[in-house]
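> Task: produce atomic coordinates for the following.
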Amino acid sequence: MSLKLSVLASGSTGNAIYVEAEGQSFLIDAGLSGKQMEGLFSQIDRKIDDLSAIFVTHEHSDHIKGIGVLARKYRIPVYANERTWKAMDPLIGEVAIDQKFTFPMETVKSFGSVDVQSFGVSHDAVEPMFYVFHHSGQKIVLITDTGYVSDRMKKIIENANAYVFESNHDVQMLRMGRYPWSIKRRILSDVGHVSNEDAALAMSEVIGDNTKSIYLAHLSLDNNMKELARMSVSQTLESTGILVGDSFQLYDTDPKTPTKLVAV
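Coordinates of the predicted model:
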């Protein structure tokens, strides 16, 4: 069986991603209410109580809002690194001790035939990390909420079959927008979020022969648009000699509507 992926929700208002393969199914973050999460799962014809695990990337509310209620209601194991657990414990309510698991950064855990690899990113959380899923020679990379993509990260994420890749903002829209300068400075910093252009430049260094799909994720509601993100990423990639549509496709993600659950 192939790895399958659906970006359930992505954006400033909440983030959640679903991955499955060969009897194992995983939720990465749950930044929406329990009721909203149940609705998203119904749209991809999957059940929350079938989940093998929930993986947490960091403690910001748009990534953990529904973690506690889902863990309690469905008795799902939850994995996060130790510092993230300490930061989010007061925010998600009580989770039974036998459901709380530590997933250290820069390690690999196996769930049946699926290997899950954690890696650190640069964001203003206590110890933010994202995940790579490996199964039968296939690879899905999730990387959002990072101020830049380092050479170390690029080595880890290179030549994946599918990417969920941050394309957070258009720099000009952000600079001219309504946010106070302190927030703009935070977003533009090395512990903020990558822009459309910077995302594309990083993509140009990691796209490989196996790459078929790139999902543009975590778009800012105020400082980006789907059409603008796709155009900016496509044009920047083209400037490096990589043409969208030749061997891979760009896909939108949405804050409320899941992408189709598809094999990578």
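> give me phi/psi at the residue lying farthest from the centre of the chain?
Distance from the centre of the chain peaks at Met176, with 27.0 Å (Cα atoms, centre = their mean). Per-residue torsions, Met176: phi -90, psi 0 (degrees, to the nearest 10).
> residue contacts, it?
By Cβ atoms under 8 Å, 6 or more residues apart in numbering, no residues touch Met176. C-beta: built from backbone N, CA, C; applies to glycine.
> what does Tyr148 give?
Taking Cβ under 8 Å, 6+ apart as the test, what Tyr148 contacts is 122, 190, 194, 198, 202.
> can you tell me which of these are in helices?
The helices, defined by DSSP state H, take in 198, 202 from those.
> Drop anything exposed from the contacts of Tyr148.
Buried residues within these, defined by neighbour count using 16 or more other Cβ atoms under 10 Å: 122, 194, 198, 202.
> show me the contacts for the third one.
Just to be clear, that refers to Asp198. Counting by Cβ under 8 Å, 6+ apart, Asp198 touches 148-149.
> one more time with 7 Å
For Asp198, the residues meeting the contact criterion (Cβ atoms under 7 Å, 6 or more residues apart in numbering) are Tyr148.
> what do you get for the first one?
The contact partners of Ser122, by Cβ under 7 Å, 6+ apart, come to 146-148, 190-191.
> how close does the residue nearest to it when sequence neighbours are not counted sit to Lys4?
Using Cβ to Cβ, 6 or more residues apart in numbering and skipping the chain neighbours, the partner closest in space to Ser122 is Gly147 (4.7 Å). Using Cβ to Cβ, to the nearest Å, one obtains 30 Å as the distance from Gly147 to Lys4.
> now Leu219
Distance of Leu219 to Lys4, given as Cβ to Cβ: 23 Å.
> on that earlier part again, would you format the contacts of Tyr148 as TSV with pLDDT and distance to Asp209 included?
What follows is the contacts of Tyr148, written out as TSV (pLDDT from 0 to 100; distance: Cβ to Cβ, whole Å):
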residue	pLDDT	distance to Asp209
Ser122	98	28
Asp190	97	31
Val194	98	24
Asp198	98	24
Ala202	98	18
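> quick revisit: counting neighbours, go ahead and name the busier of Leu219 and Lys4.
Neighbours were counted for Leu219 and for Lys4 using other Cβ atoms under 10 Å; Leu219 has more, 27 against 21.
> isn't there a strand covering that one?
No - according to DSSP: H, G, I helix; E, B strand; the rest coil, Leu219 belongs to no strand; its state is coil.
> Counting neighbours, what do you get for Leu250?
21.
> For it, give me phi and psi.
The phi/psi pair for Leu250 (degrees, to the nearest 10) reads phi -90, psi 140.
> swap in Ala263?
Main-chain torsions, Ala263, degrees, to the nearest 10: phi -70, psi 140.
> How much space separates it from Val19?
Counting by Cβ to Cβ, the gap from Ala263 to Val19 is 11 Å.
> overlap in contacts of the two?
The contact lists of Ala263 and Val19 share Leu3, where a contact means Cβ under 7 Å, 6+ apart.
> Looking only at neighbour counts, state which of the two leads.
With other Cβ under 10 Å as the criterion, Ala263 and Val19 differ in neighbour count, and Val19 comes out ahead with 26 against 14.
> show me what contacts the more buried one?
3, 5, 26, 28, 133, 140.
> Next: Leu250.
214, 216, 230, 233-234, 244.
> among those, who's most crowded?
Most neighbours among the contacts of Leu250, by other Cβ under 10 Å: Leu216, with 28 neighbours.
> residues near Ile44, how many?
Neighbours of Ile44 under the rule other Cβ under 10 Å: 16.
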